[in-house]
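# Need coordinates for the below:
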Amino acid sequence: MGLLDKFGFGKKKDSGDGPASLKSNRRIDVEARFEKLRTAVSGTMSKFYASRDREKDQIVGLKLCDLEKFSFFESRFKGMNKPPEGEIAAMMDHPNIIKTLEYGKTTAKEPYLIMEFIDGPGLNTLIQNQDSERLAGRRLDLIKQMANALHYVHQKGYIHRDICPRNFICDTEIQHIKLIDFGLTVPATEAFMRPGNRTGTPLYMAPEIVRRRATDQRLDIFAFGVSCYQLLTFDFPWPGGETSGLAALNHDTSNPRDIFKYRPDLNKTLGGMIMQCVQPSPENRVQSMDQFVSTLRRVPSETDD
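Numbering: from 1, shown residues only. As a prediction, the model looks like this:
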């Protein structure tokens, strides 16, 4: 996504489960409350703005969901008690996850989120620009932070479903990174893991999604592995070209390219784990983010990434 990438929201009554609920009980007038400071960045179902919250006199990230697209997506889970994005985002309290300040609906009935503002580059921008200079000596630490964020999401009982460089944003010094966007996130329960939900970003999509097989949190591990591979090599494990849903069909019809052919100098434990993450069969992948995080602790911090 670049530039700002994405943001969230929130604040108000207690839910009794995790941090205080940040749901607003009143409809907000977006134009009256916010001064939009930068041009919108369009997502699949939303637009994102860097904005000044006139009520609180602070710079925030403002996410406005497209009501039609949002409603269509949520209709897939009718009767399943799926928490809305705002509720999911609000319960995430981790240093490597974007902080949600408030969520609710606008006077036009559009779902909105207000998030902390981070004025740094998206990870996808650093990768697309092949910004080796700014990433030098920082990749391992960024991977550790990304892993900790996803590990936390999984511990909370969710599948993110859209792990990719676009959904990680860095600070200006490229020292800290945060996971953003819970628009496609679902509970990691049997009802939400049945075949059929084919949402996600194709180039990072696990084969079981497009093959309409049952899914679980290991689809996030696959996407995480692709993201780390790209961060370390500026390329994908499979030849590019196709960016539609057809791209994901390559992920179990050809073997991922060995990361060590790009990076023969890469730490063997780190490279081996990433290659295991991108295996087509879920049974052959790293089985949990707990396993990944635990193994990553054995990679020396002074590793030349």
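# Please look at L67 and K109 and confirm they touch.
Yes: look at L67 against K109 with C-beta atoms under 8 Å: they come within range, at 6.1 Å. (Glycine included, C-beta is placed from N, CA and C.)
# neighbour-wise, which of the two wins?
L67 (15 against 9; other C-beta atoms under 10 Å).
# Now do the contacts for the more buried one.
Shown in contact with L67 (C-beta atoms under 8 Å, 6 or more residues apart in numbering): A108, K109, E110, P111.
# What about those, which one has the most neighbours?
For the contacts of L67, neighbours tallied by other C-beta under 10 Å; top is P111, 23 neighbours.
# what's the pLDDT at that one?
On pLDDT, P111 comes in at 94.
# what is the closest residue to it other than its chain neighbours paired to in the beta sheet?
Leaving aside its sequence neighbours, P111 sits nearest to C65 (C-beta to C-beta, 6 or more residues apart in numbering; 4.2 Å). Assessed by DSSP bridges, C65 has beta-bridge partners S46.
# And C65, how far from I28?
13 Å (C-beta to C-beta, to the nearest Å).
# who has more neighbours, these two?
Comparing C65 with I28 by other C-beta under 10 Å, the one with more neighbours is C65, at 24 against 20.
# Now do the contacts for that one.
Neighbours of C65 in contact, by C-beta under 8 Å, 6+ apart: M45, S46, E85, E110, P111, Y112, G183.
# related to what we said a few turns ago, how near is the residue nearest to P111 to A32?
C65 is 19 Å from A32, by C-beta to C-beta.
# distance between whatever helix or strand Y103 lives in and the chain's centre?
If you go by DSSP states H and E, Y103 is part of strand 100-105. Strand 100-105 has its C-alpha centroid displaced from the chain centroid by 18 Å (C-alpha atoms, centre = their mean, to the nearest Å).
# Then stretch 298-305?
24 Å.
# ok so, going back, out of the contacts of L67, list just those in strands.
When DSSP state E defines the strands, the subset of these inside them is P111.
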